[in-house]
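Enquirer: build me a model:
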Amino acid sequence: MRVRSFVLVLVLILAAAGTAIPASAQKMIPLRVRLGDVSINKLIFVIAFEEGIYEKNGLDVDQFISARAAEVVRRSGVNVPRQYVRELDDQAPIEIGGGTPGIVSRVTNARQQDRIILATTDHIARWHIVAQPEITSLEQLKGKRIGFSGVGAMTHFSALVFAKRMGWDPVHDISFMSQALGVDTLQNRSVEAFVADEIAYAMARKSGFQALADMRTWNVPIAGSGVRTNESWVRENRETVRRFIKSLVEAIAVLKQDREAAFRGMEKWYGIADREVQGMIYAGAVEMPRKPYPPIEGIKKTMEMYDSNQMRKYKPEDFYDDSFIRELDESGYIDSLYQ
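Expert: Next up, the predicted model:
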């Protein structure tokens with residue numbers, strides 16, 4: 001009895017001190033995590049898995065990449081090992097993906113009406129517009145085909161931003177082509193250009209294509225890649241969420257401070273062993289926020305770009321919960337990871 005009391009007191013002391021409680025001293029919580037696509041932002045969660053961060057925080061995580069995401073990135077020459085891929089309909093309470101697609105889904109899909117964002121690692125558009133060699137300016141894309149992954153996806157949002165920036169009608173002045181996030185669509189000339197995330201851009205560069213624009217210079221707020229789930233699930237699983245968000249901020253610190261951990265994750269989960277490609281992909285890591293608060297300005301921008309009768313029934317705060325990040329921030333824990 002005394003031993004059990006001592007262990008309980010020790011756990012409480014460690015928790016109060018902000019010290020990681022050994023997994024053996026806390027109850028392991030099972031959790032499924034679905035990585036919605038293959039990008040530098042999802043690499044954080046690969047690091048959390050491979051470097052033992054989930055386990056340290058008392059999570060027994062079953063983490064996987066959707067089959068659709070694996071197929072999309074395969075078109076750019078990246079082959080995700082089969083053991084990390086699951087079918088698209090495999091469900092998980094936590095999904096890692098774009099906030100904009102989650103918001104659009106909540107507004108347009110009757111089965112997704114309590115989706116929220118808990119954290120976000122993408123707050124401005126950081127992607128590139130990559131084009132055929134004969135196209136040397138953005139103006140030359142008027143009337144041409146520009147590729148993206150799917151309607152409502154982050155690449156679709158970025159394509160809409162591009163059209164608006166150019167003053168073009170997105171219906172009549174340019175042709176948007178879905179299922180076109182990949183170097184193969186340039187190689188087979190299915191499109192004249194496409195919106196490329198970090199991995200697609202690195203593979204396009206490797207294949208000899210160049211970017212017409214770096215969207216980072218536009219400073220457009222987005223609701224980018226982050227942690228999505230359901231409000232109802234959060235209410236019933238707050239301790240699980242707390243441990244997961246803690247793992248997220250720790251993994252960001254590792255990503256920013258240990259290139260080799262990032263490179264190991266790329267090679268094991270994405271099959272990317274080329275050091276030059278790894279370096280190009282990793283370059284986006286330095287821009288990732290240490291404190292991945294939900295993207296309030298990006299949510300407002302999403303509501304503007306996908307304006308509708310139903311969208312106008314919502315307020316920005318309906319789409320996010322920042323309490324978990326704020327707790328870690330105000331306690332000083334996130335800052336302590338960089339000291």
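
Enquirer: name the residue closest to the centre of the protein, please.
Expert: With distances taken as CA atoms, centre = their mean, the residue of the chain nearest its centroid is S225 (2.7 Å).

Enquirer: my guess is it meets V38, correct?
Expert: No. Look at S225 against V38 with CB atoms under 8 Å: they stay out of range, at 11.0 Å. Using the backbone N, CA and C atoms, a C-beta is placed for each residue, glycine as well.

Enquirer: now the residue nearest to the centre of the chain: closest residue in space that isn't a chain neighbour?
Expert: N41 (3.7 Å; CB to CB, 6 or more residues apart in numbering).

Enquirer: show residues contacting the helix ranked longest in the chain.
Expert: Longest helix in the chain, counting residues (DSSP state H): helix 238-257. With CB atoms under 8 Å, 6 or more residues apart in numbering as the contact definition, helix 238-257 has outside contacts at 29, 31, 33, 43-45, 47-48, 51, 53-54, 56-59, 94, 118-119, 121, 227, 229, 234, 261-262, 285-286, 288-292, 324-325, 327-328, 333-334, 337-338.

Enquirer: from the residues you listed, list the buried ones, please.
Expert: 29, 31, 33, 43-45, 47-48, 51, 53-54, 56-59, 94, 118-119, 121, 227, 229, 234, 261-262, 285, 288-289, 292, 324-325, 328, 334 (16 or more other CB atoms under 10 Å).

Enquirer: just the ones of those residues in strands?
Expert: Counting by DSSP state E, the buried ones among the contacts of helix 238-257 place 29, 31, 33, 59, 94, 118-119, 227, 229 in strands.

Enquirer: for those, which one is nearest R216?
Expert: A119 (20.7 Å; CB to CB).

Enquirer: wait, what's in contact with K315?
Expert: Counting by CB under 8 Å, 6+ apart, K315 has no contacts.

Enquirer: got it, and the one 10 residues further on?
Expert: With CB under 8 Å, 6+ apart as the criterion, the residues that contact I325 are 118-119, 245, 249, 291-294.

Enquirer: what's the answer for K301, then?
Expert: Here K301 is in contact with 220-223 (CB under 8 Å, 6+ apart).

Enquirer: surely it is within a helix?
Expert: Yes. Using DSSP: H, G, I helix; E, B strand; the rest coil, the assignment for K301 is a helix.

Enquirer: most surrounded residue in the contacts of K301?
Expert: Compared across the contacts of K301, A223 has the highest neighbour count, 31 neighbours, by other CB atoms under 10 Å.

Enquirer: grab the nearest non-local neighbour of E50.
Expert: Closest to E50 by CB to CB, 6+ apart is G265, at 5.6 Å.

Enquirer: and for the one you found, the neighbour number?
Expert: 25.

Enquirer: so it touches I47, yeah?
Expert: Yes. G265 is within contact range of I47, at 5.3 Å (criterion: CB under 8 Å).

Enquirer: show me the contacts of helix 238-257 that map onto helices.
Expert: Per DSSP H, the contacts of helix 238-257 map to helices at 43-45, 47-48, 53-54, 56, 234, 261-262, 324-325, 327-328, 333-334.

Enquirer: and G152, which of the three is it?
Expert: Going by three-state DSSP: G152 is coil.

Enquirer: show me the contacts for it.
Expert: Applying CB under 8 Å, 6+ apart, the residues contacting G152 are 100-101, 104-105, 108, 306.

Enquirer: bridging residues for I96?
Expert: I96 has these beta-bridge partners by DSSP bridges: L35, V227.

Enquirer: so how many other residues sit close to it?
Expert: I96: 24 neighbours (other CB under 10 Å).

Enquirer: so what's it up against?
Expert: So I96 contacts 33-36, 41-42, 45, 225-228 (CB under 8 Å, 6+ apart).

Enquirer: got it, and K144?
Expert: K144 neighbours (CB under 8 Å, 6+ apart): 135, 174-175, 191-193.

Enquirer: redo that, cut-off 6 Å
Expert: E192 (CB atoms under 6 Å, 6 or more residues apart in numbering).

Enquirer: try E192
Expert: 132, 144-145.

Enquirer: just give the nearest non-adjacent residue to it, would you?
Expert: Nearest to E192 is K144, by CB to CB, 6+ apart, at 3.9 Å.

Enquirer: can you pull the pLDDT of the one you found?
Expert: Listed pLDDT for K144 reads 96.

Enquirer: look up how far L255 lies from it.
Expert: The gap separating K144 from L255 is 36 Å, by CB to CB, to the nearest Å.

Enquirer: for S158, same thing?
Expert: 23 Å.

Enquirer: do the same with R75
Expert: 25 Å.

Enquirer: give me the more crowded residue out of these two.
Expert: L255 (25 against 17).

Enquirer: any regions of the chain where pLDDT drops low?
Expert: 1-26, 76, 88-90 (pLDDT under 70).

Enquirer: what's the domain layout of it?
Expert: Segmentation of the chain into domains, based on automatic domain parsing, reads 26-123+222-336, 128-218.

Enquirer: for the contacts of I96, give me a markdown table that also has distance to G279.
Expert: Shown next, in a markdown table, are the contacts of I96 (distance: CB to CB, whole Å):
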| residue | distance to G279 |
| --- | --- |
| V33 | 27 |
| R34 | 28 |
| L35 | 22 |
| G36 | 24 |
| N41 | 17 |
| K42 | 18 |
| F45 | 21 |
| S225 | 20 |
| G226 | 24 |
| V227 | 27 |
| R228 | 29 |
